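[1] dropping the sequence and predicted coords here.
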Amino acid sequence: MSPPASSRLAALGLVLLLAACSQTTITGEQSKGGPKPLDVEVTISTFETFARAVGGDRILVTSLVPVGASPEDYQPSPADIEKLHAADVLIENGVGLESWLARTIDNAKNPALDVVVATRGLPVKDGNPHLWMDPEFARSYVRTIRDALIARDPAGKSAYLRNAAGYDKDLVALEQEIAAKIRTIPPASRSMIVFHNAWQYYDDRFGLRTIGVIELSPGQEPNPQYISKLIGLAKANHVRAVFAEPEYSPKLVDALAQSAGISTVENLYDDSIGSDPHVRTYDDMLRYDTATIVKALGGSAT
Ligand SMILES: [Zn+2]
């Protein structure tokens with residue numbers, strides 16, 4: 001049975017409307033005189049540095065999760081759906097960091113969106129998503145982003161290759177700089193208790209130990225028995241400080257540190273860069289974090 005004439009007419013109207021829209025888009029691009037920068041979205045602000053370093057002026061980058069917010073319990077907004085509807089490339093971490101993202105991508109209804117999983121090919125430990133905190137793994141994020149941008153914008157290939165190679169050198173130097181600073185911490189003091197498990201890969205790379213984690217899964221408060229266990233671990237391992245991030249409530253951190261008789265450091269950056277100028281890029285964030293950790297654990301901060 002053929003559809004009624006009214007729905008055939010409606011369908012024809014839709015086709016004409018779509019044709020008119022695409023015509024407008026082509027005209028709009030032509031009038032700008034040059035290629036339109038790629039619209040690149042990253043999930044967390046920490047990845048903005050990687051995308052900008054590779055993309056240069058061929059891309060425009062914004063992050064979905066605002067600076068200072070946690071990606072693990074982020075609630076996406078209608079504006080995020082609109083951003084993804086209009087974007088060319090989305091860079092996500094994967095490994096369960098952005099559990100809200102698949103639905104946001106579905107709602108964005110953008111079949112042309114290239115979704116890039118930045119942890120692709122990296123060795124995940126214990127399901128922990130925070131691989132970018134190891135600068136060696138960050139180099140792999142950058143290569144993955146480079147390849148994705150080349151695939152989407154082949155005309156920019158030489159620029160992307162050149163930019164990525166330049167930034168790779170920066171990351172190698174950053175890794176060496178951090179390793180040298182961590183080596184100034186007395187070996188017996190190279191232990192951390194952290195609010196959430198963002199430091200496993202950094203600690204493994206640089207010879208620190210994550211002795212304990214206060215919040216084992218996002219939003220789940222630990223019970224008193226677990227906190228007692230952490231206090232015992234802190235004492236047995238002579239842990240000098242508990243570390244947390246500004247986006248989390250300091251209540252539990254303070255309580256644990258007081259009971260264990262150790263200090264608190266509540267301004268580490270990992271899932272989000274900071275809004276202050278000294279922590280606004282990935283490199284500066286890791287430099288600042290390292291200086292903070294080295295100072296708290298009795299190393300030489302200079
Ligand atoms: Zn995290």
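    Okay, I see it.
[2] ok, now which ones touch the closest residue to the ion within the stretch 101-250 of the chain?
    Nearest residue of the stretch 101-250 of the chain to the ion: residue 198, at 4.6 Å (C-beta to the ion). The C-beta positions use only the backbone N, C-alpha and C, and glycine is treated the same way. Going by C-beta atoms under 8 Å, 6 or more residues apart in numbering, residue 198 touches 130, 133, 245, 268, 270-271.
[3] wait, is it part of a helix?
    No. Counting by DSSP: H, G, I helix; E, B strand; the rest coil, residue 198 is not part of a helix but coil.
[4] gap between it and residue 132?
    Distance of residue 198 to residue 132, computed by C-beta to C-beta, to the nearest Å: 10 Å.
[5] ok, residue 178 next?
    For residue 178, the distance to residue 132 equals 14 Å [C-beta to C-beta].
[6] so which of those two has more stuff around it?
    The residue with more neighbours, out of residue 178 and residue 132, is residue 132; 27 against 22, by other C-beta atoms under 10 Å.
[7] on that earlier part again, pLDDT score for the residue of the stretch 101-250 of the chain closest to the ion?
    pLDDT for residue 198: 96.
[8] can you pull out the strands in the stretch 151-300 of the chain?
    For the stretch 151-300 of the chain, strands defined by DSSP state E, counting those that start in this stretch occupy the ranges 191-194, 209-213, 241-243, 263-265.
[9] just how off-centre is the third one within its chain?
    Translated: strand 241-243. The chain centroid and the centroid of strand 241-243 are separated by 22 Å, computed with C-alpha atoms, centre = their mean, to the nearest Å.
[10] and what of stretch 224-239?
    On C-alpha atoms, centre = their mean, the centre of stretch 224-239 falls 30 Å from that of its chain.
[11] same thing with stretch 123-134?
    With C-alpha atoms, centre = their mean as the basis, stretch 123-134 stands 11 Å off its chain's centre.
[12] which positions in that stretch come out as buried?
    Using 16 or more other C-beta atoms under 10 Å as the test for burial, stretch 123-134 gives 128-134.
[13] put together TSV for those residues, with secondary structure on each row.
    Below are the buried residues of stretch 123-134 laid out as TSV (three-state DSSP):
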residue	secondary structure
128	coil
129	coil
130	coil
131	helix
132	helix
133	helix
134	coil
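[14] which of the residues you listed sit farthest apart?
    Based on C-beta to C-beta, the longest span within the buried residues of stretch 123-134 runs between 129 and 134 and measures 12.3 Å.
[15] among the contacts of residue 198, which are in reach of the ion?
    residue 271 (C-beta under 5 Å from the ion).
[16] quick one: least confident of the contacts of residue 198?
    Among these, residue 245 has the lowest pLDDT, at 91.
[17] identify the bridge partners of residue 192.
    Counting by DSSP bridges, residue 192 is bridged to residue 210.
[18] spell out which parts of this structure neighbour the ion.
    The chain has residues 198, 271 near the ion, with proximity defined as C-beta under 5 Å from the ion.
[19] the domain parsing of the chain - what is it?
    What automatic domain parsing lists as the domains of the chain is 34-177, 183-296.
[20] for the ion, what's the nearest residue on this structure?
    residue 271 (4.0 Å).
[21] what's the burial count for that residue?
    Neighbour count for residue 271, taken as other C-beta under 10 Å: 26.
[22] my guess is it contacts residue 63, does it?
    No. With contacts counted by C-beta atoms under 8 Å, residue 271 stays clear of residue 63, the gap being 11.1 Å.
[23] mutual contacts of the two, please.
    Residues touching both residue 271 and residue 63 (C-beta under 8 Å, 6+ apart) are residue 44.
[24] re the thing from before, for the strands of the stretch 151-300 of the chain, give me TSV that also has mean neighbour count.
    Conversion of the strands of the stretch 151-300 of the chain to TSV gives the following (neighbours: other C-beta atoms under 10 Å):
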stretch	mean neighbour count
strand 191-194	24
strand 209-213	19
strand 241-243	26
strand 263-265	18
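[25] now render those as TSV, adding mean pLDDT.
    Compiled in TSV, those are given as follows (pLDDT from 0 to 100):
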stretch	mean pLDDT
strand 191-194	96
strand 209-213	95
strand 241-243	94
strand 263-265	93
